[in-house]
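[1] Quick one, fold the following:
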Amino acid sequence: MDPPHINYIDYKSLLVINPIGQIRQLFVPFKVQVLQPAEYLKVGTWVVVEEIMPHEQYKLLYRIGDNWWPYYIFRLTVLF
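    Predicted coordinates for the structure are as follows:
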């Protein structure tokens, strides 16, 4: 199964499109699972995204605490 397609809406929400074309707007805060180690983030732990920002190089950044991280180091699971 293909992963969901994610589009930036604003600093408080994302549009998530599942493989069969259903769309859901997801608002912060939401939980994501860490896939890659980064500074104080450990693989497998769950963290809370508090804000979202578009970025030229990384497409999307998530703010977790006081730090900004690229979206692809996390797994976002949305069931609908």
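
[2] quick one: the strands in the protein?
    5-10, 13-17, 23-27, 30-34, 46-49, 51-55, 59-64, 67-70, 74-75 (DSSP state E).

[3] In terms of mean pLDDT, which of these ranks lowest?
    Of all these, the segment with the smallest mean pLDDT is strand 5-10, scoring a mean of 68.

[4] The closest residue to Y71 other than its chain neighbours: neighbouring residues, count only.
    Nearest residue to Y71, sequence neighbours excluded (Cβ to Cβ, 6 or more residues apart in numbering): L60, at 4.1 Å. (C-beta placed from N, C-alpha, C; glycine too.) Using other Cβ atoms under 10 Å, L60 is surrounded by 17 other residues.

[5] How about E51?
    14.

[6] how about CSV for the strands of the chain, with distance to Y40 added?
    Shown next, in CSV, are these (distance: least, Cβ to Cβ, whole Å):
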stretch, distance to Y40
strand 5-10, 24
strand 13-17, 24
strand 23-27, 25
strand 30-34, 10
strand 46-49, 10
strand 51-55, 18
strand 59-64, 10
strand 67-70, 8
strand 74-75, 14
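
[7] T45 reaches Q33, doesn't it?
    Yes: T45 lies in contact with Q33 (Cβ atoms under 8 Å); the separation is 7.3 Å.

[8] quick one: which of these two has more around it?
    Per other Cβ under 10 Å, whichever of T45 and Q33 has more neighbours is Q33, with 13 against 10.

[9] Tell me the spacing between that one and G44.
    7 Å (Cβ to Cβ, to the nearest Å).

[10] If the spatially closest residue to K31 that is not a sequence neighbour is in a bridge, with which residues?
    Nearest residue to K31, sequence neighbours excluded (Cβ to Cβ, 6+ apart): W46, at 5.0 Å. Counting by DSSP bridges, W46 is bridged to Q33.

[11] Tell me how many other residues surround the closest residue to G65 other than its chain neighbours.
    Among residues not flanking G65 along the chain, E50 sits closest, at 7.6 Å (Cβ to Cβ, 6+ apart). Neighbourhood size, E50 [other Cβ under 10 Å]: 15.
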